[in-house]
Structures are given as structure tokens and as C-alpha cells.
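Q: Return a 3D structure for these sequence lines:
(one chain, ligands or ions: 1)
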Amino acid sequence: MLTARDITVVRQNRKLLDGVSLRLDGGSLLAVVGPNGAGKSTLIRCLSGDMSPEDGVAELDGRPIGSYAAADLARRRAVVGQEQHLAFGFSVMEVVLLGRIAHAGRSGRDDDLSAAAAAIGAMGLEALAERDFRTLSGGEKQRCHLARALAQLWPFAGAAAEGKVLVLDEPTNNLDLRHQYSLMDQVRRMADSGLGVIAVLHDLNLALRYADRVAVLCDGRLAGWGPPSEAMSGALLSEVFGLELRRVESPDGPPLIVPAAQFADAV
Ligand SMILES: Nc1ncnc2c1ncn2[C@@H]1O[C@H](COP(=O)(O)OP(=O)(O)OP(=O)(O)O)[C@@H](O)[C@H]1O
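A: A predicted model of the protein is given here:
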């Protein structure tokens, strides 16, 4: 559905991305991992149509993403970036309704309210719908922004989700462990309901647990690609992160990535 073909991005004579090719399928979750400065945000900016590569192309359903009219693209792909501050006293419902701007002139007020209600329900924000966004905790704010993105893509389940993409840049930033897993459970459900989801993740264990496919970026190149069990070997991750990492079995779930020194201490 969403494809990167040989994407190269050059800034100030430096290749931020160097011939990156990958694919996101509908109804699946693709995690992009890699060290700081590897090019993860640059890649998802290209894949979401916010940046044009010097070479190569990002295609949505076989068509260059840059060729979509802005409003058409906004009805098919929604982005939740890293910085999501709001200066005004909008309620959660009003923030979520901002996702409907792309539908202005096509969607009636009732549809917009149905979309917002469905998105708020999917993110479990019903009790907070009238709260001032600025009073929310970090985790609640993140869920609110996800709900805004879902309202933008509504209807976002079943056949109606086909061809729609949710792009998330470090969605678990600033969240405690419980809220990281709870948010990723919700993101996983979005993929299971039919959306294509691409997420930059710093936590390798979240990628291992939740993603269908993983792209491991290093110095602007694709160092690993495929299902997590294949793309995230301890040897590859150690090389990419410059730290000895091991994959260890976990008693109840997918394996865990741990730094070797810490592992040695733990046993
Ligand atoms: N406009 C630009 N001009 C020059 N260099 C840039 C520009 N934008 C990004 N870079 C550099 O490109 C590299 C990749 O940046 P990017 O934000 O894509 O990395 P990242 O993998 O998302 O990093 P992080 O994990 O720290 O968020 C970084 O070294 C960054 O400084």
C-alpha cells in the first residue's frame, strides 16, 4: 500500500537517507527503529508526503505521494508527530474534531461528531471528552492526538480502513511503562482493524512485541528489514547501536533485547 523505493535525501552535502526501500501493508504495523540521527523521522516525513526525496519515490497505492492533493492525502493518511503542544484551551472533543478539517465541505456536522465519538471511544477517552486539553497528563494528551488522527481517517475499521495510513513519530515518548504498553495495545488494535500503521519506536522491545515488520535504520541506510524475529538479531542490533545487545527468551511473550553487561549482572 505504502512503498518507499530507493529513497535518498540529501541535506548540506550529506545523505540523510541513502537508497531506502520498504513497504507497509494495510492492516499491519511497521516499526522504524535505529539510533539517534539514523534518519527515522526523515524517512517517515518522506513516507507521509511532508518531504520530497532527492532521489527515489514514496508511493501510496502505486502513485507518488507528492502527487496527491493535500486534502485528498489528509483523508487517507494522518500523522501524529513528536511535538504536539496546544496553546489554546480546546477541549479534548474540540482537538479531536480538528481531525475533521480535511473533510470540510464533504462531511456534515453529524458525520464529524460520529467520527470524533468513534475516535474518542477507540482511545478510551470518553470520560475526558470535555476536559481542557492543557490539563491532561502526557499519556492522555498522546491518546487525544491519536484520536484526532483517527477522526481524520474515520471510518477506520474493516473495508473502510483499506488504503489508509496512520504515521506515528515516537508515540510512546514521555509515557511511563504501563502507558507505553497500553498505547501500543491501542495502536496494535488500529492495525488489526485494517489501518496501515508506521511508527518510529525507540524501545526495541516494543517493536519486537507489537510490529509485524521492522525497518532498522543506521546512518541513513536500511540495515535490517523484515519480521521482528528476523530483522532484529542481537548481532545486527549490537552493530547498529554500538552496544553489545542480546536477545533473551522471556517466560511469557516475545524475546527481550537487553544490554549484555546488564544481562550478565542479572544472572
Ligand atoms: N534540514 C536538515 N539539514 C541538515 N541536516 C539535517 C536536516 N534535517 C535532519 N538533519 C540531520 O539528519 C540526521 C537524521 O535526522 P532524523 O531526525 O531523521 O533522525 P532520527 O533517526 O529521527 O533521530 P532521533 O532518534 O534523534 O529523533 C540527523 O543527523 C539530523 O541532524
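Q: Enumerate the residues of the chain near the ligand.
A: 11-12, 16, 34, 36-42 (Cβ under 6 Å from any ligand atom). Placement of C-beta: from N, CA and C, glycine included.
Q: Give me the buried entries from those.
A: For the residues of the chain next to the ligand, burial is judged from neighbour counts taken by 16 or more other Cβ atoms under 10 Å, and it is met by 16, 34, 38-42.
Q: export these to TSV and tack on distance to Glu170?
A: Formatted as TSV, the entries for these read as follows, by distance: Cβ to Cβ, whole Å:
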residue	distance to Glu170
Leu16	17
Gly34	12
Ala38	13
Gly39	14
Lys40	8
Ser41	8
Thr42	14
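Q: biggest separation within these, which pair?
A: Farthest pair in these (Cβ to Cβ) is Leu16 and Gly34. Separation: 12.2 Å.
Q: all helices in the stretch 51-200 of the chain, in order from the N-terminus.
A: 70-74, 92-97, 109-122, 138-153, 177-192 (DSSP state H, counting those that start in this stretch).
Q: Can you list the low-confidence ranges for the stretch 51-200 of the chain?
A: Per-residue confidence of the stretch 51-200 of the chain (counting by pLDDT under 70) places the weak regions at 83-84, 87.
Q: still on that earlier bit, and which of the buried ones among the residues of the chain next to the ligand is nearest Trp225?
A: Of all those, the one sitting nearest Trp225 is Gly34; the distance, using Cβ to Cβ, is 11.7 Å.
Q: pretty sure that closest one is in contact with Val216, am I right?
A: Yes - using Cβ atoms under 8 Å, Gly34 is in contact with Val216, at 5.8 Å.
Q: Point me to the residue of the stretch 51-200 of the chain nearest the ligand.
A: When scored by Cβ to the nearest ligand atom, the stretch 51-200 of the chain has Val200 as its residue closest to the ligand, at 6.4 Å.
Q: Now do the contacts for Ile101.
A: Ala74 (Cβ atoms under 8 Å, 6 or more residues apart in numbering).
Q: Please list the members of the residues of the chain next to the ligand that lie in helices.
A: 40-42 (DSSP state H).
Q: May I see the buried residues of stretch 175-188?
A: Those would be 175, 179-184, 186-188, for stretch 175-188 by 16+ other Cβ under 10 Å.
Q: Run through the bridge partners of Lys197.
A: Just to correct that, residue 197 is Val rather than Lys. Applying DSSP bridges to Val197 yields these beta-bridge partners: Leu29, Leu166.
Q: Can you give me the distance of it to Arg213?
A: Shown here: Val197 relative to Arg213, a distance of 11 Å by Cβ to Cβ, to the nearest Å.
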